[in-house]
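> after the sequence you'll find the predicted model.
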Amino acid sequence: MSRSKEQARLNKIVIAASRSLNLKETLTTVLEHTMEALEVSSGVIFLNEGESQQMHLSAYRGITSEAAERETILAPSQCQCGRALESRAPIFTHNLKHTPHCPFELCAGEGLLSVASIPLEVKGEVVGLLQLGSTKAGHFSQAQQDFLAAVAAQVSVSIENARLYEQAQRFNLELEQKVQQRTRELESARQALSEKADQLQRLLSAAYNIQEDTRERIAQDMHDGVIQLIIGALYETQAARKAMTNDPPRAVKNVERAQQLLSEAEAEIRRTIYDLHPPMLDSLGLVAATRHFAANCSASFKIACQVKSQGKTRRMEKKTELAIYRMIQAALHNVASHAAASRAQVTIQFGDTFCQVMIEDNGIGFDPEAVLRQPGEHLGLISMKERAEAINADLSIRSTPGEGSQVMLRLPSPEYLET
């Protein structure tokens, strides 16, 4: 092979190797052009694909598929190819018949006599091996050996470029996946924040409406109840004052009626105060206040409402007891307003490491998920969840249409007060 022809063929291999960054495609192309330039019958390339010392068959030409399947791995010290890897130097065998130790079936099975085994290095590290074989003894001249050294250098460069490209592709893919995941997380967080803001706005609006309704109801109750009673008592005292001289017995009756009206006014004022904030909750605790409220529910809504207490009754911080009490109120209000139930039961369990409240009814039930998907119409449930979160409690709602409902509030690690 003349020097100019050799250079032309080497340039052809370099151009072919530069056309693609796909490693398998590049190796196959280089192998085909090299075999054509040197007029050999077979060629294989092994690459190190992992942390092990074994080389895996990555490209081949001129051998059968059966042979390729049998010889997929090449280990150091295995035949002359393995020794070339171990010594990191090319080994040229001019006649395998005169080689005392060559158990590699790939060579013997294909009838090869001349074999060239050239290690492939990238930055001082052996990454593979190029093997070319010929059925003619003494095939590789010194010029061809020099030519193969240049080809091996080019193959090594192609391997490095292709692997860098694959690494860049993997990095880009991983980065893109992370960006997409982060984008999804941010979008999910944005939606959750937006929904939370909407819920908060609705709760604030509902709280304002409730506040205004409460004020209006209190004003109406005071006008229709307490004020009328006080005016009646005032009339009776005025009548008693006029009758004191001429008709003392009648004056006494007027005073008694005034006292009765004032007692009724006191009861009405106490009821209004209890609705705003139950004094019994502060003085006697959660269980007693719940029983009192349940008794009022039973009388007002004709629902048999029972309250059970399990464990030693304990006291908690005022804000915690008030939050639990308001949730019980809301749950029983929902039972009275929506459940069409005849019975309801509140169970308050005081454990050493938890406090649990269960509200159950035998009403018509509902689909909690469907209800919570339409929060605008069911702010009561959302308000209960907000109250639960405020005291670090877990609130769960179980219900099936036609089978009643169960609301469970569980407060882990409650801070019980010393009694």
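Happy to help now that I have it.
> could you use CA atoms for every contact and neighbour count after this?
Fine.
> how about the strands in the protein?
42-47, 55-61, 73-74, 91-93, 114-122, 125-134, 304-310, 343-350, 354-361, 394-399, 405-412 (DSSP state E).
> pull the residues that contact the shortest one.
Here strand 73-74 makes contact (CA atoms under 8 Å, 6 or more residues apart in numbering) with 46, 54, 55, 56, 57, 81, 82.
> on that earlier part again, now mean neighbour count too, for the strands of the chain, in CSV please.
As requested, these are exported to CSV (neighbours: other CA atoms under 10 Å):
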stretch, mean neighbour count
strand 42-47, 22
strand 55-61, 20
strand 73-74, 18
strand 91-93, 21
strand 114-122, 24
strand 125-134, 23
strand 304-310, 16
strand 343-350, 20
strand 354-361, 21
strand 394-399, 16
strand 405-412, 20
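> tell me which of these lies nearest to residue 368.
strand 394-399 (6.6 Å; CA to CA).
> roughly how far is that closest one from the heart of the chain?
21 Å (CA atoms, centre = their mean, to the nearest Å).
> name the nearest residue to residue 160, ignoring sequence neighbours.
Spatial nearest neighbour of residue 160, chain neighbours left out: residue 122 (6.6 Å); criterion: CA to CA, 6 or more residues apart in numbering.
> any idea how far the one you found lies from residue 383?
According to CA to CA, to the nearest Å, residue 122 stands 66 Å off from residue 383.
> ditto for residue 41
82 Å.
> do residue 65 as well
Distance, residue 65 to residue 383, by CA to CA: 71 Å.
> check contacts around residue 304.
By CA under 8 Å, 6+ apart, the contact set of residue 304 is 298, 342, 343, 344.
> which of the residues you listed sits closest to residue 29?
Distance to residue 29 across the contacts of residue 304 (CA to CA) is lowest for residue 344, with 81.2 Å.
> tell me the bridge partners for the closest one.
Using DSSP bridges, the bridge partners assigned to residue 344 are residue 305, residue 361.
> that one against residue 362, yeah?
Yes: if you go by CA atoms under 8 Å, residue 344 and residue 362 touch, sitting 6.8 Å apart.
> before we move on, the earlier item: list the beta-bridge partners for the residue nearest to residue 160.
In beta-bridge terms (that is, DSSP bridges), residue 122 pairs with residue 125.
> for it, what are its contacts?
Listed by CA under 8 Å, 6+ apart, the contact set of residue 122 reads 156, 157, 160.
> could you dump those residues into a markdown table and include distance to residue 200?
Putting the contacts of residue 122 into a markdown table (distance: CA to CA, whole Å) gives the following:
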| residue | distance to residue 200 |
| --- | --- |
| 156 | 64 |
| 157 | 63 |
| 160 | 58 |
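> how about these in CSV, adding distance to residue 191 and pLDDT?
Formatted as CSV, the contacts of residue 122 follow (distance: CA to CA, whole Å; pLDDT from 0 to 100):
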residue, distance to residue 191, pLDDT
156, 51, 83
157, 50, 81
160, 45, 81
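> tell me the helices and strands packed up against the lengthiest helix in the chain.
Longest helix in the chain by number of residues, with DSSP state H as the criterion: helix 142-221. Helices and strands touching helix 142-221, by 3 or more CA pairs under 8 Å, 6 or more residues apart in numbering; DSSP states H and E, are helix 3-18, helix 23-38, strand 114-122, helix 379-390.
> any low-confidence regions in the stretch 201-350 of the chain?
202-219, 221-224, 274-275 (pLDDT under 70).
> related to what we said a few turns ago, how much space between the residue nearest to residue 160 and residue 131?
Going from residue 122 to residue 131 by CA to CA gives 17 Å.
> now stretch 131-149, how far from the centre of its chain.
Using CA atoms, centre = their mean, the offset of stretch 131-149 from its chain centre is 61 Å.
> mind checking the pLDDT average for it?
Summarised as a single mean, pLDDT over stretch 131-149 is 87.
> quick one, domains of this structure?
Annotated domains of the chain cover 3-171, 203-273, 280-412 [automatic domain parsing].
> residue 65 and residue 383 - which one has more neighbours?
More crowded of residue 65 and residue 383, by other CA atoms under 10 Å: residue 383, with 19 against 11.
> residue 314 versus that one, what's the distance?
With distances taken as CA to CA, residue 383 is found 25 Å from residue 314.
> what's the answer for residue 295, then?
According to CA to CA, residue 295 and residue 314 sit 21 Å apart.
> before we move on, what about residue 65?
Taking CA to CA, one finds residue 65 at 81 Å from residue 314.
> swap in residue 412?
In this view, residue 412 and residue 314 are 14 Å apart by CA to CA.
> circling back to that earlier point, quick one, which of the domains of the chain is nearest to residue 195?
domain 280-412 (9.8 Å).
> give me the pLDDT for the residue nearest to residue 9 when sequence neighbours are not counted.
Leaving aside its chain neighbours, residue 9 sits nearest to residue 37 (6.5 Å; criterion: CA to CA, 6+ apart). pLDDT recorded at residue 37 is 84.
> same question, residue 377
Residue 377 is assigned 49 on the pLDDT scale.
> the one 10 residues further on now?
Per-residue confidence (pLDDT) for residue 387: 85.
> one more: the one 5 residues further on?
At residue 392 the predicted local confidence, pLDDT, stands at 90.
> please renumber so the chain begins at 46
I'll keep to 46 as the first residue from here, and by that count the last item is residue 437.
> and it, how far from residue 214?
46 Å.
> and residue 235, which of the domains of the chain is closest to it?
Residue 235 lies closest, by CA to CA, to one member of those: domain 325-457, at 17.4 Å.
> residue 295 contacts residue 285, correct?
Yes: the criterion here is CA under 8 Å, and residue 295 meets it with residue 285 at 7.0 Å.
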